[in-house]
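Engineer: mind folding the following:
(one chain, ligands or ions: 1)
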Amino acid sequence: MLTILDHLPDGLLAAEPADLARLLGGPTLIHLPGRRERPLFVSTLLHGNEDTSWRAVRELLQRYERRELPRALSLFIGNVAAAAAGVRRLEGQLDYNRAWPGGEATDGPECAVMRAVVEEMRARHPFASIDIHNNTGLNPHYACVNRLDAPFLRLATLFSRTVIYFLRPRGVQSLAFAELCPAVTVECGKAGNPQNTEHALEFVEACLHLAEFPRHPVSPHDIDLYHTVATVGIRDGIDFGFDAEARDLSLPGDLDRHNFQDLAPGTLWGRQDPSRPLTLKVSDEAGNDVTARYFHLDTGGTISLRVPSTPSMLTLDLRVIRQDCLCYLMERLPCAP
Ligand SMILES: [Zn+2]
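Structural biologist: Numbering: from 1, shown residues only. Next comes the predicted model:
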């Protein structure tokens, strides 16, 4: 199911995201040589409609078309079928960023592909791993890590001073690669924006030029570190919308302006029928239902935040909310020396 190549197929550097399925046939790992031997692993298009990853890597490879790369590059091009359809994933597919070893899903062709990528890369002793994404709400550019070791935070702060540490969801690429090398997920704002592509490109190129990661810790002045403590979803079967006469749950139409804001208890979160149980569902890092800890439903049907929290990934995209979640809730972490 996984195609492994040691060269760029003809036409690849002219390909749009929607062309990749025709050119590659499926998920593909391409090993390219460079001056330093241990490869930088870069993962693209795990979500088919997040085009910044492919555009950044394509432009990087165009720059080096007639020059040696400063370091070997192993490039994974993920969900090309979803990219051809312009969606995050196709119905019936597992999410390509939930199917990596260590996740809840272990069966299915997607899991077999991700397992093969990890084993192939384990043998090549990667220098670092970068997984590039877009999101759909109003978010700053930020990096995510799954370990708080100095090299992971160094890698993250090369992209942004805003860094999130998380352990859930499991089955994501950066968690699987954290076993092999410093690994980071970078969230580059909305798809289709050339400035976001430029930022991702600069970051990948800077990593290709790195000889090694400094071992000493990141200075607390250089990082805003958050810890994801909960995931907010909407219970199954709930009809919801923004500023809408949705049957069960109406959310404010500007909810995504709260991303990375430190919110106080009492912040308005939505309205619903007060005679029904809360239509939101909050899970902690262990997967426990902790909805009552975070949200309050009053007798008038107003849903408000119960404790101080900082959301991320709040989106107004109903499909993304249904396929993934409404947002994550975070706490600030002191940067431990
Ligand atoms: Zn994504």
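Engineer: show me what contacts the residue lying closest to Arg235 once chain neighbours are set aside?
Structural biologist: Of all residues not flanking Arg235 in the chain, Lys281 sits nearest, at 5.0 Å (C-beta to C-beta, 6 or more residues apart in numbering). Where you see a C-beta, it was placed from the backbone N, CA and C, and this is true even at glycine. Residues in contact with Lys281 (C-beta atoms under 8 Å, 6 or more residues apart in numbering) are 232-235, 289, 291.
Engineer: part of a strand, is Lys281?
Structural biologist: Yes - under DSSP: H, G, I helix; E, B strand; the rest coil, Lys281 falls within a strand.
Engineer: how near is it to Arg170?
Structural biologist: Lys281 sits 18 Å away from Arg170, going by C-beta to C-beta, to the nearest Å.
Engineer: cool, Val186 as well?
Structural biologist: Taking C-beta to C-beta, one finds Val186 at 19 Å from Arg170.
Engineer: higher neighbour count, these two?
Structural biologist: Ranked by neighbour count (other C-beta atoms under 10 Å), Val186 and Arg170 place Val186 first, with 26 against 18.
Engineer: for the more buried one, give me its contacts.
Structural biologist: 130-133, 141-144, 159-160, 200, 203.
Engineer: tell me the residues of the stretch 101-250 of the chain that contact the ion?
Structural biologist: Residues of the stretch 101-250 of the chain that fall close to the ion, judged by C-beta under 5 Å from the ion: His133.
Engineer: of the contacts of Lys281 - the most surrounded one?
Structural biologist: Highest neighbour count within the contacts of Lys281: Val232, with 22 neighbours (other C-beta under 10 Å).
Engineer: over to it. Which of the three states is it?
Structural biologist: The three-state label given to Val232 by three-state DSSP is strand.
Engineer: neighbouring contacts of the strand or helix carrying Ala116?
Structural biologist: Secondary structure assignment for Ala116, by DSSP states H and E: helix 109-122. The contact list for helix 109-122, computed with C-beta under 8 Å, 6+ apart, reads 1-2, 4, 27, 29, 39, 41, 74, 76, 93-96, 99-101, 103, 105, 129, 173, 176-177, 180.
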